[in-house]
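Chemist: Kindly generate the corresponding structure for this input.
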Amino acid sequence: MTQISNSPAAEISRRLEVAISAGKEAGRLTLNYFQQDNYQVERKSDASPVTIADRSSEQLLRERIAAAFPQDGVLGEELGTTTGTSGFTWILDPIDGTKSFISGVPLYGTLIGIEHQGRALAGFVYLPALGEGIYGSAGQGAWYFRGDQPPRRCRVSAKSRLADGLFVTSEINTFDQRGAMRVFEALQKAAWLTRTWGDCYGYLLVATGRAELMVDPIMNVWDAAAIQPSLRKPAAPSPIGKAIQRFGGAKGLLPTGWYWTKCWQSCSLPKAKLRSAALVASSNPPGFPPNLPLQSPTTLIHWAACS
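Modeler: Okay, the predicted model is just below:
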């Protein structure tokens, strides 16, 4: 198993470079199908949609990763798991926001997360139909890019009140599935604007200061793996987190200092598969809203907050 302690920055940088290059290539591949009639939509076992664009994009990513880092493992939404020996695992979501994709809406993206021995180290998010994205890694901060313009540091919003801010989410009904419609109602009431500009686009909006809060009550590991390191430390603190602390009467709901978003997740995945989680617990962690209890002893809460 590869040890990265001697030169962690170099190991991470090499892989992030491939993630950026391959991710852009895979994202552009989806444009061959976007707003076209050259594919069929299938339904997976969980009733979520999938297309040839999803599978082709993930296959391209796997080929590029295998060529550059043949000993790394890969976990993808569409094509399963390839075991590696290096300790590194790439977590892929070729099209995050497939419902938007099949509807001809450009708010979908290609996501790549990179972890080492369970620790999320780098992430890449690219919205090919918009030509913009974000990426980040441990020790290098978070960066925003658009078209051929030079990347620039991500800067989150400086608004001090959620009452002046934008709250975004992917699907309102997921709050109901999570048993947390009261959470949505409280946040919608507290926010100035609420929109379902969700999936990875919502996190990009937060990272670039265009939205103040993004919440996904239910996520899979490939939905989240690229998000945490990509938004690890934006270039400006956002005081909006202090406003959220009043929600539910919970004190210390968000960490002091750097803040980008908060996600709540309940799922039935084994704990080992929640690799991107900033905190995974079988009971509510310190500061977690007391009115969002675990649904069952086997349910895990994924609480993602960057500090």
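Chemist: List the buried residues of the longest helix along the chain.
Modeler: The single longest helix within the chain, with elements called by DSSP state H, is helix 8-30. Burial within helix 8-30, assessed by neighbour count using 16 or more other Cβ atoms under 10 Å, is assigned to 11-12, 15-16, 18-20, 22-30. No exception for glycine: its C-beta is placed from N, CA and C like everyone else's.
Chemist: pLDDT of that helix, averaged?
Modeler: Over the span of helix 8-30, the pLDDT mean works out to 94.
Chemist: again, but for stretch 161-180
Modeler: In this model, stretch 161-180 has a mean pLDDT of 85.
Chemist: circling back to that earlier point, Val105: which of the buried residues of helix 8-30 is nearest?
Modeler: For those, the minimum distance to Val105 (Cβ to Cβ) is 13.0 Å, reached by Thr30.
Chemist: Can you name the residues in contact with the longest helix of the chain?
Modeler: Where contact means Cβ atoms under 8 Å, 6 or more residues apart in numbering, the residues beyond helix 8-30 that reach it are 2, 4, 53, 56-58, 60-61, 64-65, 68-69, 72, 88, 90, 94-95, 101, 108-110, 112, 114, 116, 121-124, 126-128, 133, 135, 137-140.
Chemist: Repeat that for stretch 81-93.
Modeler: Outside stretch 81-93, the residues within contact range by Cβ under 8 Å, 6+ apart are 1-4, 11, 15, 19, 58, 61-62, 65, 69, 71-77, 110-117, 221-223, 225-226, 275-276.
Chemist: Now the terminal residues of it, how far apart.
Modeler: Using Cα to Cα, to the nearest Å, the gap from the first to the last residue of stretch 81-93 comes to 12 Å.
Chemist: Now do the buried residues in it.
Modeler: Residues of stretch 81-93 classed as buried: Gly84, Ser86, Gly87, Phe88, Thr89, Trp90, Ile91, Leu92, Asp93 (neighbour count, 16+ other Cβ under 10 Å).
Chemist: List the ones among those residues that fall in strands.
Modeler: The strands, defined by DSSP state E, take in Phe88, Thr89, Trp90, Ile91, Leu92, Asp93 from the buried residues of stretch 81-93.
Chemist: With distance to Phe167 added, can I get the residues you listed in a markdown table?
Modeler: As requested, those are arranged in a markdown table below (distance: Cβ to Cβ, whole Å):
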| residue | distance to Phe167 |
| --- | --- |
| Phe88 | 35 |
| Thr89 | 32 |
| Trp90 | 31 |
| Ile91 | 27 |
| Leu92 | 28 |
| Asp93 | 23 |
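Chemist: which stretches of this structure form helices?
Modeler: Counting by DSSP H, the helices of the chain are 8-30, 52-68, 98-102, 173-177, 181-190, 200-207, 221-224, 227-230, 240-244.
Chemist: can you tell which of these is closest to Gly147?
Modeler: Using Cβ to Cβ as the measure, helix 8-30 is the one of the helices of the chain that comes nearest Gly147, at 11.2 Å.
Chemist: can you give me how far the closest one is from the chain middle?
Modeler: Mean C-alpha position of helix 8-30 versus that of the full chain (Cα atoms, centre = their mean, to the nearest Å) differs by 16 Å.
Chemist: quick one: it to helix 52-68, angle?
Modeler: 150 degrees (axes from the mean of the first three to the mean of the last three Cα atoms, to 10 degrees).
Chemist: where does the stretch 1-150 of the chain have low pLDDT?
Modeler: By pLDDT under 70, the low-scoring segments of the stretch 1-150 of the chain are 1-7.
Chemist: my read: Val206 touches Met214, true?
Modeler: Yes: with contacts counted by Cβ atoms under 8 Å, Val206 reaches Met214, the gap being 4.9 Å.
Chemist: Return the closest of the buried residues of helix 8-30 with respect to Leu166.
Modeler: The shortest approach to Leu166 among the buried residues of helix 8-30 belongs to Gly27, at 24.9 Å (Cβ to Cβ).
Chemist: so what's Gln49 up against?
Modeler: Wrong residue type there; residue 49 is Pro, not Gln. Val41, Glu42, Arg43, Thr98, Lys99, Ile102.
Chemist: which residues does the first one contact?
Modeler: Meaning Val41. Each residue near Val41 by Cβ under 8 Å, 6+ apart is listed here: Pro49, Val50, Thr51, Ile102.
Chemist: how far away is the third one from Lys44?
Modeler: Here the distance between Thr51 and Lys44 works out to 11 Å (Cβ to Cβ, to the nearest Å).
Chemist: more crowded one of those two?
Modeler: Neighbours were tallied for Thr51 and for Lys44 using other Cβ atoms under 10 Å; the higher tally belongs to Thr51 (20 against 12).
Chemist: any idea how far the residue nearest to the more buried one when sequence neighbours are not counted is from Gly136?
Modeler: In this structure, Thr51 finds its nearest non-sequential neighbour in Tyr39, 4.9 Å apart by Cβ to Cβ, 6 or more residues apart in numbering. Plainly put, Tyr39 is 32 Å away from Gly136 if you go by Cβ to Cβ.
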